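Undergrad: quick check, what structure comes out for this input:
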Amino acid sequence: MALAEQIQNDMKAALLGGNRFEGDVLRNLKAAILNEEVAQGKRETGLDDAEVEKIIAREVKKRNESIRLYEENGRPELAEDEKKEIAVLSTYLPQQLSEDEIRAIAKLVIEEMDNVGPSMMGQVIGGVKAKAGNSADGATVARVVKDLLQS
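TA: Predicted coordinates for the structure are as follows:
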């Protein structure tokens, strides 16, 4: 079953089962997926699982940013809601790689490239993201690559 279908079915089950919070989170995710389908002109065919995972990762990133802002401004109760939403969304993402696993992939990418320097950071990050896919957090990848290129 495609990931988008699974999200649709889980949303229905949550709403019918009385889990309003999870149903609403998944409904918002479905809206984000629909917006992306329309933007890419893929409304009829739909997005593949990798594209849906990118949308989910983007939604998780937005919520992490909201958590940071809420906590900086003394609103922990709002941050808690965002954390709960992340818990729901994260169930649809592949297992995230550890920092050590990302570091190993980054070293491999750097070895494959010639004359790698700090100015090639974007290319190295792109190579790591291509190998790791949606299992690696972009901010972690950027931090690891920056550390490796500066050492």
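
Undergrad: could you give the number of residues near Ala136?
TA: Counted with other C-beta atoms under 10 Å, residues neighbouring Ala136 total 24. All C-beta atoms are positioned from the backbone trio N, CA, C, and that covers glycine.

Undergrad: neighbouring contacts of the top helix by length along the chain?
TA: Selection of the longest helix in the chain by residue count, based on DSSP state H, yields helix 49-72. Outside of helix 49-72, the residues within contact range by C-beta atoms under 8 Å, 6 or more residues apart in numbering are 2-4, 7, 28-29, 32-33, 36, 40, 47, 76, 78-79, 82-83, 85-86, 89-90, 92-94, 133-134, 137-138.

Undergrad: check stretch 32-45 too.
TA: 4, 7, 46-47, 51-52, 55, 58-59.

Undergrad: filter those residues to the buried ones?
TA: Listed as buried from the contacts of stretch 32-45 are 4, 7, 47, 51-52, 55, 59; burial here means 16 or more other C-beta atoms under 10 Å.

Undergrad: nearest to Glu111, of those?
TA: Proximity of the buried ones among the contacts of stretch 32-45 to Glu111 (C-beta to C-beta) peaks at Glu51, which lies at 29.7 Å.

Undergrad: how close does the closest one sit to Asp10?
TA: Distance, Glu51 to Asp10, using C-beta to C-beta, to the nearest Å: 18 Å.

Undergrad: quick revisit: just the buried residues from the contacts of helix 49-72, in PyMOL please.
TA: A single PyMOL command selects the buried members of these (16+ other C-beta under 10 Å):
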select buried, resi 3+4+7+29+33+36+47+79+82+85+86+89+92+93+134+137
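
Undergrad: sort out for me which of the contacts of helix 49-72 are in helices.
TA: Checked against DSSP H, those include these in helices: 3-4, 7, 28-29, 32-33, 36, 40, 76, 78-79, 82-83, 85-86, 89-90, 138.
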